[in-house]
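Participant: Fold the following, please.
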Amino acid sequence: MKVRYTFFIIALVAMLALAACATPTAAPQPTAAPAQATAAPAGKPFRIAVVMPSAANDLAFSQSMIDALGELQKEMGKDKLEFVYSENMFNVTDAATAIRDYATKGYDLILAHGSQYGASVQDIAPDFPNTAFAWGTAVDTFKEKGVNNVFAYTVASDQGGYVEGVIGAKLSKSKVLGALGPIPAGDGQLTIKGFEAGAQATDPNVKVQTTFTNSFSDVALMSQAAQTQIASGADVLTGTSQSVVGAVSVAKDKGALWFGNQSDQASLAPEIVVASQVYDWTVALKDMMAKINGGTRGGEVFIMTFANKGLVMVYNPAYKLPDDVKALADKTVAGLADGSIQTGIK
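Facilitator: This is a model prediction of the structure:
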């Protein structure tokens, strides 16, 4: 188990490791605005340990959590917040060992950042009733099974996908868009369904092609899927998982546009990445920390949305988005945040 104490200056994505972030594909409902994070009582730093399935700099799911922890630590100070992590824990048995090891070391909050870890959390948490655990993306806290010290967190990623679809429909010349994912489940599928809904709400004549590779880490498969999509006429693509580096490379070579998800992916190809839907987990983390310090160690679900700013559209400054399209995108984000626009994803 490799544990690193730090938050990183994020480098270009590592092309390895299996990740999974599957959740029920129904669009989640909003979470209230976050509380202010507070340090642990008696002047001690609040200590968080993270177990995650892929590399800390994957420019996708794992990095989204590391970025959030880094920002939170910057806000609070290293004397108020400490965090460690174990990356590339794609083997669930190894991840469970890491989770249990962190629990024995007395961390205030242990994040099992991947829904493949749910069974492990359910099994381990009762052995450490004074430790808070959280896992995601997920909506089950196991409270109905008698477990009282587990939080769950997830994202309404259909909202970001919807905005990307709106923009994509406006930018596409071929009126064919492509969406790539690892498996038809979880936040990845929500993103793709939202993308399709947003595109077709903007232009009913737009066609959205969808491909699932059945792998979170196979860069070659994602590359092949992107090549097939583009050969079939797609000039705008989106996708999820750390394997999208392959798709972005193909899009760059073929001159197709790309929309990122989970983390800001503009650095992969600044000339073609239009925008990214970014998961800002600080919203959930602040709430969890406040509740833990108040004596609540689990039993609640935190859902990231545009309304609570757990979802953020990050536009690539290197890509010149037409003013009218940017205005439409901003209007769509505002509408999704206040409820006047619905993705229609259930």
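Participant: Angles on the backbone of the residue nearest in space to the middle of the chain, please.
Facilitator: When the chain is reduced to its mean C-alpha position, the nearest residue by C-alpha atoms, centre = their mean turns out to be Gln262, at 3.8 Å. Main-chain dihedrals, Gln262, degrees, to the nearest 10: phi 80, psi -50.
Participant: That one is in contact with Ile66, isn't it?
Facilitator: No - applying C-beta atoms under 8 Å as the test, Gln262 and Ile66 come out as separate, 11.8 Å apart. For every residue, glycine as well, the C-beta is placed using N, CA and C.
Participant: who are the neighbours in contact with Val92?
Facilitator: Residues counted as contacts of Val92 (C-beta atoms under 8 Å, 6 or more residues apart in numbering) are 116-117, 119-120.
Participant: Would you mind measuring from it to Ser115?
Facilitator: 11 Å (C-beta to C-beta, to the nearest Å).
Participant: what's the residue nearest to the centre of the chain in contact with, if anything?
Facilitator: Neighbours of Gln262 in contact, by C-beta under 8 Å, 6+ apart: 60-61, 63-64, 187, 240, 276-279.
Participant: what do you get for Gly181?
Facilitator: 188-189, 191-192, 210-213, 239-241.
Participant: try it again with 10 Å
Facilitator: 187-192, 195, 210-214, 216, 222, 225, 238-241, 243-244, 261 (C-beta atoms under 10 Å, 6 or more residues apart in numbering).
Participant: Same check on Tyr117?
Facilitator: Here Tyr117 is in contact with 20, 51-53, 89, 92, 95-96, 98-99, 111, 124, 133, 135-136, 138 (C-beta under 10 Å, 6+ apart).
Participant: ok, back up a step: okay, and the beta partners of the residue nearest to the centre of the chain?
Facilitator: Taking DSSP bridges as the rule, Gln262 bridges to Val278.
Participant: Find residues that contact each of Gln262 and Ile66.
Facilitator: With C-beta under 10 Å, 6+ apart, Gln262 and Ile66 have common neighbours Asp58.
Participant: Now list the buried members of the contacts of Tyr117.
Facilitator: 20, 51-53, 89, 92, 95-96, 98-99, 111, 124, 133, 135-136, 138 (16 or more other C-beta atoms under 10 Å).
Participant: Make sure Phe83 is indeed in a strand.
Facilitator: Yes - read with DSSP: H, G, I helix; E, B strand; the rest coil, Phe83 is one of the residues of a strand.
Participant: ok, now how distant is Val150 from Glu87?
Facilitator: 22 Å.
Participant: Neighbour count for the two, which is higher?
Facilitator: Val150 (27 against 24; other C-beta atoms under 10 Å).
Participant: What helix or strand is the closest residue to the more buried one other than its chain neighbours located in?
Facilitator: Nearest non-adjacent residue to Val150, counting by C-beta to C-beta, 6 or more residues apart in numbering: Gly298, 4.3 Å away. Using DSSP states H and E, Gly298 sits in no helix or strand.
Participant: quick one, strands of the stretch 1-150 of the chain?
Facilitator: 3-5, 46-51, 81-86, 109-113, 132-136, 150-155 (DSSP state E, counting those that start in this stretch).
Participant: hmm, back to that, let me know the closest of the contacts of Tyr117 to Leu177.
Facilitator: Taking C-beta to C-beta as the measure, Leu177 lies nearest Ala20 of the contacts of Tyr117, at 25.2 Å.
Participant: follow-up on the earlier one: could you dump the strands of the stretch 1-150 of the chain to TSV with mean pLDDT?
Facilitator: Output for these, formatted as TSV (pLDDT from 0 to 100):
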stretch	mean pLDDT
strand 3-5	39
strand 46-51	98
strand 81-86	98
strand 109-113	98
strand 132-136	97
strand 150-155	97
